[in-house]
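Participant: Next input, structure requested:
(one chain, ligands or ions: 1)
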Amino acid sequence: MVAGKRGLFIFNRDLRVQDNLALLAICKQVDSLDCIYVHNPAQASADNYGCKQLGQHSQQFLLQSLHQLDNELQLFGQHLKVLSGPLISSIDNYLQHHQIDLVVQSAPYGTDEQRLADSLANKLSDLGITYQQVWQHTLFSQTQLPFRLSALPAHFTPFRQKIEPLFPDVANSQALISMPPPVTKASPLAAFSRDTKQHIQDFQGGCQAGIAHLVAYFGTDAPLTYKQTRDQLDSWTSSSKLSPWLAWGCLSVRQVWQQILNYEQQKGANQSTYWLKFELLWREYFHWYLQRHQHKVFGFSGIHGRAPLTTFHADYFAIWCAGNTPYPLVNAIMHQLNQTGYISNRARQIAASCWVNELQGDWRYGAAYFQQQLLDYDVAVNWGNWQYIAGVGADPRGGRRFDLEKQTRLYDPDERYIRRWQGEATCQPLATRDAVGWPMQTCAEAVSAGNQA
Ligand SMILES: Cc1cc2nc3c(=O)[nH]c(=O)nc-3n(C[C@H](O)[C@H](O)[C@H](O)COP(=O)(O)OP(=O)(O)OC[C@H]3O[C@@H](n4cnc5c(N)ncnc54)[C@H](O)[C@@H]3O)c2cc1C
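Facilitator: Next up is the predicted model:
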């Protein structure tokens, strides 16, 4: 065992070694280091709104990411330990068997995760162990923002206008050169099997796969036409497909930003390369939006406290989730989501609009279902986008309704997407009474009511 200061690094949604500012910070401060990830199996059982926090697609991506992280750490003479159980009790148990002086992690951006981190800070303070958090999920730090967080612009456009002058201030990504040796010996990643053969389409979890995808995408001309292609429903190169690696922190947003700048230097900047940055600014906005509005981002009435005129019908929710609605385009989208864990931005907007407008559902159920199904689930971006579409968030127009026939004409004129994902409507009449006896519309009535609105 190495003498001197002993550190513990807790990975969460920062599953990479390079440009991991929190990992760099602890490596500079300790003589020996253990690296852990705490996997809570409870996340894989039904939670909010009958949906899981971690669905099967994400579980697989996470598993692959942990193995690649372990491989990457081994290049530095380190290894990853995976603890299984709730965060606080797992760390408590670990600390009973290991003497640790400093614990560091990336500052979590999710509201529940921040609450857990506060409990962890209290626990460590009781034990006399120093605890540090490093904020690193955004392009800018809070002190770089040209406004107080409480004065975050209510809409994206004024936010973007204030942020764009700061573009030159985005920090370069930082390389890790060496790491202190482990506090304890390596043991295999016990909590997970090594069977990572199966992966979804081309989305393979992990920091090495993330870098490989980043290099591959920017090794093509696709970024030069991104603005024209990004709304396509079903093409691998129409958009960057970087979101799963960004969401799990296999890639940092600064690494992606730098890659765009390098690309612009080599191939020339145009509207499309700008638009990639523009979309990363949407991500940035929703991350600060969550910090600003906290629990209101999850509330039915949203950030303005105005409840929408929607409700929850279990039957409608079931047909929407299963892709069994009267709307072929929506069915195709939900089938793709269920089978792959990924759908395009346009598809997300259409499916979300259908749930809140056509099926008049409580938007939070839709958001929770996306949380379960999306491979790239990001708490700030998902709930922020859902609020936007439901009209309880940052949309200056007070919500979006996508005309499904028009969307089909525009984005799937020959219905190839609908056929590929078997979206042909098979809607069954719905129950006419709900569980407590209130009359309910049939599916067909819901459609015509929706069309008249
Ligand atoms: C209802 C709804 C829910 C969503 N849930 C999520 C989610 O959980 N996780 C997630 O990463 N994205 C979410 N998005 C945003 C967007 O659909 C995805 O980021 C994008 O489709 C991912 O594909 P891409 O990486 O090819 O994106 P690209 O089009 O290549 O964009 C590059 C990056 O910019 C960011 N970005 C793109 N569009 C948006 C947007 N509308 N809002 C914020 N950031 C954006 C993402 O980080 C993305 O990887 C949601 C959108 C909607 C309408």
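Participant: Which neighbouring elements make contact with the longest helix belonging to the chain?
Facilitator: When the chain is parsed with DSSP state H, its longest helix is helix 271-293. Here helix 271-293 touches helix 156-163, helix 226-229, helix 253-267, helix 379-390, going by 3 or more Cβ pairs under 8 Å, 6 or more residues apart in numbering; DSSP states H and E. C-betas here are computed from N, CA, C, even on glycine.
Participant: For the ligand, which of these is the nearest?
Facilitator: Comparison of those against the ligand by Cβ to the nearest ligand atom identifies helix 379-390 as nearest, at 3.2 Å.
Participant: Could you check the helix or strand following the longest helix of the chain and say which residues are buried?
Facilitator: Next helix or strand after helix 271-293 toward the C-terminus (DSSP states H and E): helix 314-322. Neighbour-count burial for helix 314-322 flags 315-317, 319-321 (criterion: 16 or more other Cβ atoms under 10 Å).
Participant: what angle separates the longest helix of the chain from helix 253-267?
Facilitator: Helix 271-293 runs at 160 degrees relative to helix 253-267, counting by axes from the mean of the first three to the mean of the last three Cα atoms, to 10 degrees.
Participant: so helix 271-293 versus helix 156-163, what angle?
Facilitator: 100 degrees.
Participant: does any bit of helix 271-293 sit next to the ligand?
Facilitator: Yes: using Cβ under 6 Å from any ligand atom, helix 271-293 comes into contact with the ligand via 276, 279-280, 282-283, 286.
Participant: And stretch 90-109, by the same measure?
Facilitator: No: on the criterion Cβ under 6 Å from any ligand atom, stretch 90-109 is out of touch with the ligand, staying 12.3 Å away.
Participant: quick one on the thing from earlier: out of the helices and strands packed on helix 271-293, which one sits most buried?
Facilitator: helix 379-390 (a mean of 24; mean count of other Cβ atoms under 10 Å).
Participant: So which elements touch the helix or strand following that one?
Facilitator: Once helix 379-390 ends, the next helix or strand along the chain (criterion: DSSP H and E) is helix 404-411. Identification of packing neighbours for helix 404-411 by 3+ Cβ pairs under 8 Å, 6+ apart yields helix 328-340, helix 345-353.
Participant: Switch those over to a markdown table; also include mean pLDDT and mean neighbour count.
Facilitator: Output for those, formatted as a markdown table (pLDDT from 0 to 100; neighbours: other Cβ atoms under 10 Å):
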| stretch | mean pLDDT | mean neighbour count |
| --- | --- | --- |
| helix 328-340 | 97 | 23 |
| helix 345-353 | 98 | 22 |
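Participant: Which one of the buried residues of helix 314-322 is nearest to the ligand?
Facilitator: Of the buried residues of helix 314-322, the one sitting nearest to the ligand (Cβ to the nearest ligand atom) turns out to be residue 320, at 12.9 Å.
Participant: Go ahead and confirm that closest one touches residue 361.
Facilitator: Yes: counting by Cβ atoms under 8 Å, residue 320 touches residue 361, with 6.9 Å between them.
Participant: quick one, which of the helices and strands packed on helix 271-293 is nearest to residue 136?
Facilitator: helix 253-267 (8.4 Å; Cβ to Cβ).
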